[in-house]
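Asks: Predicted structure and sequence below. I'll ask about it afterward.
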Amino acid sequence: MKLVRSALVLAVALAALFLLSIKPSIATQKYAKETGKKCLDCHTKVPKKGDADHQLTELGKKFAENGHKLPKE
């Protein structure tokens, strides 16, 4: 019984740590909803929060230069 309780406490602790480590990417989701584009349309890989390098594709650079609006083609 003590072993089961210890395993349950460990599982709950690990689940809590996992949930606390998740960081929302609100801006990315916002732009994706507004533009209908996927994150990887503008980024070579999805940057982590706080990254100085946003790893932008050519479309991403044009999007940023255009005030975060899709450039007219």
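Replies: Nice, thanks for sending it over. Quick caveat: nothing in here was measured; it's all calculated off a predicted structure.

Asks: so Leu3 is in which element?
Replies: Leu3 belongs to helix 2-21 when assigned by DSSP states H and E.

Asks: Skip ahead from that helix and say which helix or strand is next.
Replies: Next along the chain after helix 2-21, taking DSSP H and E as the criterion, comes helix 26-35.

Asks: helix or strand right after that next one?
Replies: Remark: after helix 26-35, the chain's next helix or strand is helix 39-42, criterion DSSP H and E.

Asks: can you pull the buried residues of that following helix?
Replies: Cys42 (16 or more other Cβ atoms under 10 Å). (Each C-beta comes from the backbone N, C-alpha and C, glycine too.)

Asks: Let's test this: name the helix or strand in this structure with the lowest mean pLDDT.
Replies: helix 26-35 (a mean of 74; mean pLDDT, DSSP states H and E).

Asks: How much space separates Thr35 from Ser21?
Replies: For Thr35, the distance to Ser21 equals 28 Å [Cβ to Cβ, to the nearest Å].

Asks: of these two, who's got more company?
Replies: Taking neighbours as other Cβ atoms under 10 Å, Thr35 and Ser21 compare with Thr35 leading, 14 against 7.

Asks: ok, the more buried one - contacts?
Replies: Shown in contact with Thr35 (Cβ atoms under 8 Å, 6 or more residues apart in numbering): Leu70.
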